[in-house]
Each structure stands twice: as C-alpha cells, then as structure tokens.
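Colleague: Requesting a structural model of the entry that follows:
(chains A and B)
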Amino acid sequence: MVRTRIAPSPTGEDLHLGNLYTAYINYLWAKKNRGKFIVRIEDTDRQRLVPGAEEKILSTLKKFNIFYDEGPDVGGNFGPYRQSERLSLYKKYALELIEKGAAYYCFCSKERLDEVRKKMTAEKKIPRYDGQCRHLSKKEVEENLRKGTPYVIRLKVPENQKIKVYDLIRGEIIFDSNNSDDQVLLKSDGYPTYHLAVVIDDYLMRISHIIRAEEWLSSTPKHVLLYQAFGWPLPMFCHLPILRNPDRSKLSKRKNPVWASWYLEQGFLPEAVLNYLALMGWSHPEQKEIFDLDELLKVFDIKDIQTVGPAFDPVKLEWMNGEYIRKTQNSKLKSQILKYYQEYHKKNLSEELVEKTILLIKERIKKFSDYWEYCQFFFERPAVQRLSLLKDSLYIKDIYQELKKITDWKAEVIGERMVRLAKKIGISNSQLFMTLRLTITGKKISPPLNESMVILGKDECLKRLSLIS
RNA sequence: GCUCCCAUCGUCUAGUGGCCUAGGACAUUAGCUUCUCAGGCUAAAAACAGGGGUUCGAAUCCCCUUGGGAGCACCA
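Modeller: Model (predicted):
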C-alpha cells in the first residue's frame, strides 16, 4: 500500500509554493498507486508557530483540489495528525534509543554550545557538537537528572560508517557518518526535533514513500540511522528538486510571490497552476504541455523527475492560465469570474453583464484579475477627468449625432456608420475609433468597441459622449 | 570551509552512443489578420559550460576543471 504525506509547518502565512509542488507530487503518486495521501502538521517549533497558519495551509490545499485521505481535520486511523498532540510518543521512543545505546543525554548549556561553536568556527572547523556528554557515566547522568539539570537527547552517530541512502530519482547516495553531527532528537522543552518526529511518525503512519524537497537530502542519513536503531524497515526516499527564483536561488518571497494562495487571489485557476507545476522537472512523454489530472495520472512516473532545480517562470504560468481560460466553457467561466470577484474583491458583479462580456474578453485575459482591467467601464462610468487624454474631442459632436440616428443598435451597424463618418470627416478609422474608445471606456485598450457599445446600450453610450461635449 | 546533488536555447524541457545540420513550449523579433489590445496563423533569432579520454562514432559513457544549488541549529 502506497502511503505518501506532506508535513507542513505552520510557521508562515500560508502554504509555500514549493510545498504545494511537493504536495501535488505526493498526491499524484498516492493517486496513481491507489494509495493514500496524508497531511501531518509539524508544529514542534513553538517559537515560530504562527496562529491560524494551519487552517490557512489546509484550506489552500483544498482550494487547489488537493484532497487528503487523512489529516488533522479529517481524521484517520493513524492519528493524531498534529505532532504537538503526539508528544508522549516521542519521549518514549527517545528513551528507547537511550536504552539501546543509540542516543544519549546531553546536559550542555546553550552558552557552552555557543562557545564550542565559536571556537570551532575560529579554528575553521565545521561547527558541531564536540560530544562531551557522550561518555558521561551512568552515575553522572542520574545525578544530573535528579538535580533537574535541563537536558536534551542526542543521537549517537557512529564513527567511520558509510550510510547508504537510496533515492528514487537519484539512486544510491553514500554518506560518511563522520560528517553527521550528534543531532539533538529531543529538545529541552520536551518537544522532539524534526528528525526524531519525522522518523517516528512516518513509521507509525506507515508512510511508504517519503517524497520531499531536496533540502532534506543531507539529513536523510540521520533518519536512516534512526530507522536502523529502532530496527524499522526503511521507506522509499525521493527528493524533489527545489523550485528556484529566476536568478536560480531557492524560491523566496523576496523575489517571487511564494504563497500558494497568492496565485488564487490573482485569479489563476488551480488546474493551471498545478499543470504548470507538473512541468517543473518533468515532461509529458508526448511533450504535451497542457493536460488534465486524469491524463497526468496515466503517464506520470516519479522516476522521470529531473534533479535540476527549475526556475519558476510566472510568465509561462500566465500563458498557460490564459490557455485554460480560453478552453473553459462560457457559462463555467462566468460563474468562475463571479465567484472570484465575490471571494477576493468583495464585489458582486452583475451576472447578466458578466455573461455578456465573456465572449469579448475570453481571448484577452490571462487571469481573472485582468477582467476588471478590461471591463470596469461596463460596470462604472469612466471618470470624466480620464477623458482629458482625448485629442480629437472636436469630433465627439459628429459622432454623437451619427450614433443618435441609429435605430438598429447592432455592432455591424455601428461599425458601418462610424467608418462612413470617418471618411466624411477625413480622418482614419483608427483615429475615430480611438476617440470613441476613450470616451466610452476611458481607456486606450479595451474589448472590441462596437460590441461593447451594444452591451452598454445606446442611451448609456450617448450619455458618455454628451458628458464630454 | 566541509558534505551531498547537479550542468542542453534567456526560461521550462526532449534527447539514455549513430535517427541531432539538437526537437517542442514560454518569452523575444518580424509579417499577415485588424477600430485598440488580445487571440489566431506564418517565419526568424536562440543551447549541448570548458578540457581530456573511451569508441568507427558522443549532448548521451568516464575523469578533471569551472559554474550553480542544497545542507551543515535545542528551525522545519
């Protein structure tokens, strides 16, 4: 049984884009293998905990249609799914490790640790724990415990050992144990560190594939050591490439919008974002770029993912989102736009108007936030001062008179009359239409004018013209 | 600094020893369509990091150099 998971920490505003990517791959792999996808909240860092972050992360996941089979709010047979609710477990296992000689108590103070680190840095050595408490006698340990000296529990990393990690997309990687520090497993506040908790939980939750970002690759040997110490079978490891900024550094919020819901707020479609994300480090065997989940599930294989960290290109995402919008059914698009403006802009747009304008903007917008750029003038009369852009306002009266005469208010008719008028006045069609466009829409860029005027209605158009002249 | 991962157009990638004068997509440029902007269509420019091997033959295999990334916490 394939069981995958993501383990986000509620320490930010929202789900990170990189986590969304990881979540999607985990979700895909579980789906593809008819397995289960699990969400576990890793909230063991009490200092960095952000209230509300957990809810936000879970809701964002759902908005992207990434549904999980087990998780803190949906339950499951391997709960609780919040590490802060599993505290007693970790301590028990940490003590078991001590029992087995794979871990030890460390009573070193923060100050001493800092000093050791400083000294080592000064000596140009890798800053790491010097192992002072490693050889404490049983008596000394008991003495300290009785006195109530604060302590942590550290992993006793064996010396001169080759640790083999098998990664699904990279193959076998060999680490030297001498490069691993005696990692803290249980903090002095009684909370486990990531390394301890992740191994215990993944084991207890029967996770079969640990699919996570590459940043975890170098701590994997520690995890392997833990599995071995407990005598637990190793899961499959799979380290995904890390998404990069355009400048190739790790995707960060200073250089790119990194919160997953930001893309929703901008009016990107979840399917488009996910489709684009699927193309990060992976490509469709037939080189298709646009495909839905069902198709992806058929051809996706985690082994085909590349190891190079791809740059996330918002421009290509925009293009793809535009493609999605263009292939969406009009009625569906209408409700999506309505919903988008309701949810993210607190606007209740007229359903009728949106429906009428869909055809005019479908090929023009790349994301829903563009809709307002194009269509605001349908809903609100443009501010008069914006019409100061107008150079040819002297023709407004002629245009007004001509339009007023039209009884059959249709796009073709308006078009014909305007072309004829331009000829009569002796100006180019472009000139005349631009003047009219500015008057009607308040902008130099707009949907097709004649059709827009039909939607607005004759009275409103004349009104806008009269306000100028 | 140390350890690990990696290296094809600006970007995402195809390519697993001969189908490669390296293919596709985004972006860019030009043309056509046209009332603006889009969209559509057509075309152009654009890459195997460098050096050694192996081989009849290398983008593809090996080594070195260079370059990039990640990790080295009582953070995850």
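Colleague: contacts, neighbours, all on C-alpha from now
Modeller: OK.
Colleague: Which element is encountered next along the chain beyond the helix or strand bottoming out on mean pLDDT in chain A?
Modeller: When the helices and strands of chain A are compared on mean pLDDT, DSSP states H and E, helix A:110-122 comes out lowest with a mean of 82. Remark: after helix A:110-122, the chain's next helix or strand is helix A:138-147, criterion DSSP states H and E.
Colleague: For that next one, which outside residues touch it?
Modeller: Residues outside helix A:138-147 that contact it (C-alpha atoms under 8 Å, 6 or more residues apart in numbering): A:105, A:107.
Colleague: So in that sheet, which strands flank the helix or strand following it, and in what orientation?
Modeller: Of the helices and strands lying after helix A:138-147 in sequence (DSSP H and E), the nearest is strand A:152-155. Here strand A:152-155 has these sheet partners by DSSP bridges: strand A:103-106 (antiparallel), strand A:184-186 (antiparallel).
Colleague: Quick check: which ranges of chain A have low pLDDT?
Modeller: A:124, A:384-394, A:469 (pLDDT under 70).
Colleague: let's see it at 80
Modeller: A:121-127, A:246-250, A:252-256, A:383-394, A:468-469 (pLDDT under 80).
Colleague: residues near residue A:48, how many?
Modeller: By other C-alpha atoms under 10 Å, 12 other residues sit near residue A:48.
Colleague: One more: residue A:289?
Modeller: Neighbour tally, residue A:289, other C-alpha under 10 Å: 13.
Colleague: Report all helices and strands that the least confident helix or strand of chain A contacts.
Modeller: Using 3 or more C-alpha pairs under 8 Å, 6 or more residues apart in numbering; DSSP states H and E, no helix or strand is in contact with helix A:110-122.
Colleague: mind listing what's buried in it?
Modeller: By 16 or more other C-alpha atoms under 10 Å, the buried positions in helix A:110-122 come out as A:116-117, A:120.
Colleague: from those, which is closest to RNA strand B?
Modeller: Nearest to RNA strand B among the buried residues of helix A:110-122 is residue A:117, at 7.8 Å by C-alpha to the nearest atom of the strand.
Colleague: distance of the closest residue to that closest one other than its chain neighbours from RNA strand B?
Modeller: Once flanking residues are discounted, residue A:117 sits nearest to residue A:127: 5.0 Å by C-alpha to C-alpha, 6 or more residues apart in numbering. Counting by C-alpha to the nearest atom of the strand, to the nearest Å, the gap from residue A:127 to RNA strand B is 5 Å.
Colleague: so who does residue A:127 touch?
Modeller: A:116-118, A:120-121.
Colleague: try residue A:20
Modeller: Counting by C-alpha under 8 Å, 6+ apart, residue A:20 has contacts A:61, A:260.
Colleague: so which helix or strand takes in it?
Modeller: For residue A:20, the host element (DSSP H and E) is helix A:17-32.
Colleague: which other helices and strands contact the helix or strand following that helix?
Modeller: Per DSSP H and E, the first helix or strand lying C-terminal to helix A:17-32 is strand A:36-39. Packing partners of strand A:36-39 (3+ C-alpha pairs under 8 Å, 6+ apart): strand A:3-6, helix A:17-32.
Colleague: Can you tell me which of the ones you listed is most buried?
Modeller: Mean neighbour count (mean count of other C-alpha atoms under 10 Å) peaks for strand A:3-6 among these, with a mean of 26.
Colleague: what are the pairing partners of it, and which direction each?
Modeller: By DSSP bridges, strand A:3-6 pairs with strand A:36-39 (parallel).
Colleague: is the partner strand anywhere near RNA strand B?
Modeller: No: on the criterion C-alpha under 7 Å from any atom of the strand, strand A:36-39 is out of touch with RNA strand B, staying 11.9 Å away.
Colleague: And the contacts of that strand?
Modeller: By C-alpha under 8 Å, 6+ apart, strand A:36-39 touches A:2-8, A:26-27, A:30-31, A:68-72, A:81.
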